[in-house]
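K.L.:
the following block contains a protein sequence and its predicted model.
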Amino acid sequence: MLEWLRRLGAPKTGPDYRHVDSRHKAEALYKRGELKKLLLLPMEFGGQDEPPNVVYVPAFAVELKSRLDLSTIRPMAEKGLVRKYTATPAYEGKSVVPSAIRISATEPGRFEGVVSIWGKALQQESEPVSEDRALEQRAFCLPEVAVEGLGPDEFVRAYIADYEHWNSFANDAYTQDPDAGFDLAESAYASLIAKYCPPGFQHQPVAFGSDASHDNSREVVLGVELTPQGCVVRTKNTKLIGTLAIANDYEYHLKKTAERWFLVSLLYVDQEGKYEGL
């Protein structure tokens, strides 16, 4: 098995994007040329210019990621060393500008790299992780709440609660140690998926931050619609940023067996379409 580890980082005196707390602000900076559009899955690897695949970052991050993708990963793929690719953003505070992007290319070999962009992702690159903190990171477990017998809306609320618990764990683990923390976050997410999704379900690359995408205190169930395949639970998540309310709509697609419901799709819905987020 081939294994590599490479870290790409910006200077320690990097930028501060805590104030860019909405997609609208990021797009405004993009139009002014202060940020660049970056495709998480590059076009060279089949990526499309569509919202779920787009983040806005400073120019040096685009250059670093492109160099890693095209100069390191593409030659490995051409040699048959890797065939799976993921690029997962990590966030700090309420900012929508990634603080780092974790890149992984696997099967049969393995390459991992981090493009550090701003904030703690830059500061923590050289910080040691104590044994106590490393052990603390491993203490993830889902609350022992049974999902058998729950109705569709109750099932979705249970998932949201466990998702928020996972996001908090993942963000804390990554903050303590970006490399080990990201691996722990992925492992913990697999536990969440195993609890709520059908056996063998293949999920999207993980994404987390200090502000969870799903939170029962802000996400309300709008309705439950039965379908030939199962049912769809529609929700609205409203976040307050100062006096501005930002609402996001979601569809939880559920399928039922004799004993219980399973989550088979979680779609983010906007005016342009629906995008898988599970």
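P.N.:
Yep, that arrived.

K.L.:
state the three-state secondary structure for residue 224.
P.N.:
Counting by DSSP: H, G, I helix; E, B strand; the rest coil, the backbone at residue 224 sits in strand.

K.L.:
change the start of the numbering to 626 and stick with it
P.N.:
Fine by me, first position is 626 from now on; the one you just mentioned is residue 849.

K.L.:
give the contact list for residue 872.
P.N.:
Shown in contact with residue 872 (CB atoms under 8 Å, 6 or more residues apart in numbering): 861-864. Placement of C-beta: from N, CA and C, glycine included.

K.L.:
going by distance to residue 745, which of those wins?
P.N.:
residue 864 (21.6 Å; CB to CB).

K.L.:
does the residue nearest to the closest one when sequence neighbours are not counted count as helix, strand or coil?
P.N.:
Closest residue to residue 864 apart from its sequence neighbours, by CB to CB, 6 or more residues apart in numbering: residue 871 at 4.9 Å. Recorded secondary structure, residue 871: strand (three-state DSSP).

K.L.:
could you do residue 711 as well?
P.N.:
strand.

K.L.:
report how many residues lie close to it.
P.N.:
Applying other CB atoms under 10 Å, we find 15 other residues in the vicinity of residue 711.

K.L.:
and for residue 775?
P.N.:
16.

K.L.:
pretty sure it sits in a strand.
P.N.:
No - Residue 775 is assigned coil when assessed by three-state DSSP, not a strand.

K.L.:
ok, it to residue 879 distance?
P.N.:
Separation of residue 775 from residue 879 (CB to CB, to the nearest Å): 10 Å.

K.L.:
which neighbours do these two have in common?
P.N.:
Residues touching both residue 775 and residue 879 by CB under 8 Å, 6+ apart: residue 886.

K.L.:
could I get the phi/psi values of residue 702?
P.N.:
phi -70, psi -40 (degrees, to the nearest 10).

K.L.:
wait, doesn't it sit right on residue 732?
P.N.:
No - contact status for residue 702 versus residue 732: not in contact, 10.5 Å apart, counting by CB atoms under 8 Å.

K.L.:
give the closest residue to residue 891 in space, chain neighbours not counted.
P.N.:
residue 903 (3.9 Å).

K.L.:
contacting residues for the one you found?
P.N.:
Residue 903 neighbours (CB under 8 Å, 6+ apart): 818, 822, 828-829, 888, 890-891.

K.L.:
same check on residue 790?
P.N.:
With contact set as CB under 8 Å, 6+ apart, residue 790 has these partners: 767-768.
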